[in-house]
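Peer 1: Got a sequence here, can you build the structure:
(one chain, ligands or ions: 1)
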Amino acid sequence: MKSLPDRKINFHSLYEIVDAPIRWHLLRTALNMEVFGRLETPLSAADLSRALGSHAGNTEVLLKGLTAMGLLRKNGDTYVNTELARLCLCPQSETYLGGMLKSLSVMRTQGMENLEQIVLNGPPAQESGPDLENQSLWKEATSYLGAYQRAGVGQEAVEIARSLPEWPGFNKMLDLGGGAGMIGLYLVLAHPKMKGVLFDLPKVCENALPLIREYDSDMRMQVLAGDYNEDQLGEGYDLVWASLNLYYAKKDLNHVMAKIHQAMNPGGVFISYHEGLHQGRVSPAFHVLGRIAPAFRAQDFSFDQGEIADSMLKAGFARVHSKTIETVNGPIDLDIARKKGGNNGF
Ligand SMILES: C[S@@+](CC[C@H](N)C(=O)[O-])C[C@H]1O[C@@H](n2cnc3c(N)ncnc32)[C@H](O)[C@@H]1O
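Peer 2: Numbers count the residues shown, from 1 in each chain. Down below sits the predicted model:
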């Protein structure tokens with residue numbers, strides 16, 4: 001006779017894997033139907049369904065699901081946005097992340113519906129994912145990148161840069177591949193005198209400039225359009241900031257790094273903010289999984305831990321200090337490089 005297994009396995013994490021797409025379907029549907037925009041003030045499911053022209057019963061099911069996910073609060077018969085939904089999911093908010101989340105979901109899951117075929121046969125013969133070197137894609141992304149940068153990433157950059165002993169002496173900074181340019185703008189406006197330059201692809205700069213001017217009446221932030229693989233980056237920088245954008249320099253990272261080094265003043269500081277994969281590229285999970293769809297298309301573009309720091313040293317930076325910090329973008333490696341000269345003692 002067989003005996004029953006004498007084990008008590010905690011397999012709850014497997015349910016969470018099954019549930020993950022459910023959460024996204026609920027959120028995507030609510031974003032598409034502009035549910036959050038209407039729940040700034042409390043509404044019952046019946047009132048909301050009248051406003052949306054939707055099925056009353058299923059509108060209530062949707063609202064209950066969003067409440068269970070912590071995006072709405074239920075009070076009696078009415079539903080209202082939580083703080084997170086109010087700030088990040090209402091289209092009228094300056095920190096609306098709905099556009100970015102929808103675009104991320106496409107980038108992160110493209111091709112996954114045929115995953116068995118891809119695992120069996122290898123990457124599709126024709127590239128099927130978004131072309132991340134396409135200027136138009138980044139141009140369209142500028143407005144949602146701006147909201148993302150205003151939602152805390154800009155302030156995070158300020159905290160990092162302000163903790164540098166060189167901070168008070170900075171006069172000019174470069175936000176390299178900065179997209180909407182808000183991170184550079186936060187840095188510049190947090191400093192009494194520093195001016196800034198956003199460097200990005202020409203079509204992106206066209207969209208970024210009016211966004212920057214909304215906040216920068218003194219014109220402390222300028223825009224320099226170009227491709228960092230081909231063009232010069234300007235000169236005289238005391239601080240260079242590059243976050244989540246050096247992937248497109250990967251064909252020859254050392255070449256771009258040498259240009260960054262050359263564009264900086266003696267004693268200048270270069271802060272790189274990128275993921276660093278380790279343990280044979282299986283960790284951190286957030287980055288491994290977030291970029292696994294392109295990896296299946298043979299476009300595994302994430303950085304290894306130490307890759308950027310090595311390139312900084314090859315380019316002639318005197319010293320690199322690296323550390324991993326927890327961010328809204330998961331664990332991020334900060335590689336802080338110093339150029340010889342100035343008052344930094346190298
Ligand atoms: C993921 S966004 C990151 C934006 C910003 N640094 C941030 O952290 O929010 C990548 C940026 O790199 C820029 N980029 C891509 N290829 C580039 C190139 N060859 N030269 C300059 N910028 C480039 C894109 O236009 C886009 O703005």
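Peer 1: Which single helix of this protein contains the most residues?
Peer 2: helix 12-32 (DSSP state H).
Peer 1: where does the chain have low pLDDT?
Peer 2: 127-130, 132, 344-346 (pLDDT under 70).
Peer 1: Break it down into its structural domains.
Peer 2: Here the domain assignment for the chain is 12-91, 135-338, based on automatic domain parsing.
Peer 1: Can you name the residues of the stretch 151-300 of the chain sitting close to the ligand?
Peer 2: Counting by Cβ under 6 Å from any ligand atom, the residues of the stretch 151-300 of the chain close to the ligand are 177-179, 183, 200-201, 204, 227-229, 243-245, 248. Yep, even glycine has a C-beta here, placed from its N, CA and C like the rest.
Peer 1: do that again at 5 Å, thanks
Peer 2: Contact residues (Cβ under 5 Å from any ligand atom) of the stretch 151-300 of the chain with the ligand: G177, G178, G179, D200, L201, V204, D227, Y228, S243, L244, N245, Y248.
Peer 1: Kindly reformat those as JSON lines containing distance to D216.
Peer 2: JSON lines is the format used below for these (distance: Cβ to Cβ, whole Å):
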{"residue": "G177", "distance to D216": "19"}
{"residue": "G178", "distance to D216": "13"}
{"residue": "G179", "distance to D216": "16"}
{"residue": "D200", "distance to D216": "16"}
{"residue": "L201", "distance to D216": "20"}
{"residue": "V204", "distance to D216": "17"}
{"residue": "D227", "distance to D216": "24"}
{"residue": "Y228", "distance to D216": "23"}
{"residue": "S243", "distance to D216": "19"}
{"residue": "L244", "distance to D216": "22"}
{"residue": "N245", "distance to D216": "21"}
{"residue": "Y248", "distance to D216": "26"}
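Peer 1: which ones among these are found in helices?
Peer 2: Using DSSP H, these in helices are V204.
Peer 1: Please tabulate the residues of the stretch 151-300 of the chain next to the ligand in JSON lines, including the columns neighbour count and distance to M107.
Peer 2: Listed next are these as JSON lines, based on neighbours: other Cβ atoms under 10 Å; distance: Cβ to Cβ, whole Å:
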{"residue": "G177", "neighbour count": "23", "distance to M107": "17"}
{"residue": "G178", "neighbour count": "29", "distance to M107": "19"}
{"residue": "G179", "neighbour count": "29", "distance to M107": "15"}
{"residue": "D200", "neighbour count": "29", "distance to M107": "19"}
{"residue": "L201", "neighbour count": "22", "distance to M107": "18"}
{"residue": "V204", "neighbour count": "27", "distance to M107": "17"}
{"residue": "D227", "neighbour count": "15", "distance to M107": "21"}
{"residue": "Y228", "neighbour count": "21", "distance to M107": "21"}
{"residue": "S243", "neighbour count": "24", "distance to M107": "17"}
{"residue": "L244", "neighbour count": "15", "distance to M107": "13"}
{"residue": "N245", "neighbour count": "18", "distance to M107": "15"}
{"residue": "Y248", "neighbour count": "16", "distance to M107": "14"}
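Peer 1: Out of the residues of the stretch 151-300 of the chain next to the ligand, the closest to L4 would be?
Peer 2: Closest approach to L4 among those (Cβ to Cβ): L244, at 50.9 Å.
Peer 1: so what's that closest one up against?
Peer 2: Applying Cβ atoms under 8 Å, 6 or more residues apart in numbering, we find L244 in contact with Y273, H274, N329.
Peer 1: mind redoing it with 10 Å?
Peer 2: L145, V153, G177, G179, S272, Y273, H274, E275, N329, I332 (Cβ atoms under 10 Å, 6 or more residues apart in numbering).
Peer 1: Could you find the closest non-adjacent residue to the third one?
Peer 2: Looking back up the chat, that one is G177. In this structure, G177 finds its nearest non-sequential neighbour in N245, 3.2 Å apart by Cβ to Cβ, 6 or more residues apart in numbering.
Peer 1: For that neighbour, give its distance to G236.
Peer 2: Relative to G236, N245 is positioned 21 Å away (Cβ to Cβ, to the nearest Å).
Peer 1: do R213 as well
Peer 2: Distance from R213 to G236, by Cβ to Cβ: 23 Å.
Peer 1: Can you name the secondary structure element that comes next after the helix or strand harbouring P210?
Peer 2: Using DSSP states H and E, the element containing P210 is helix 202-215. Following helix 202-215 in sequence order, the next helix or strand is strand 221-225 (DSSP H and E).
Peer 1: Break down the protein into its strands, ranges please.
Peer 2: Secondary structure of the chain (DSSP state E): strands at 43-44, 72-75, 78-81, 172-176, 195-200, 221-225, 237-243, 264-274, 319-327, 330-338.
Peer 1: strands paired with the longest one, and their directions?
Peer 2: Right, the one you point to is strand 264-274. strand 237-243 (parallel), strand 330-338 (antiparallel) (DSSP bridges).
Peer 1: if you compare these, which one is most tucked away?
Peer 2: Highest mean neighbour count among those (mean count of other Cβ atoms under 10 Å): strand 237-243, with a mean of 24.
Peer 1: any idea of the angle that strand forms with strand 172-176?
Peer 2: 20 degrees (axes from the mean of the first three to the mean of the last three Cα atoms, to 10 degrees).
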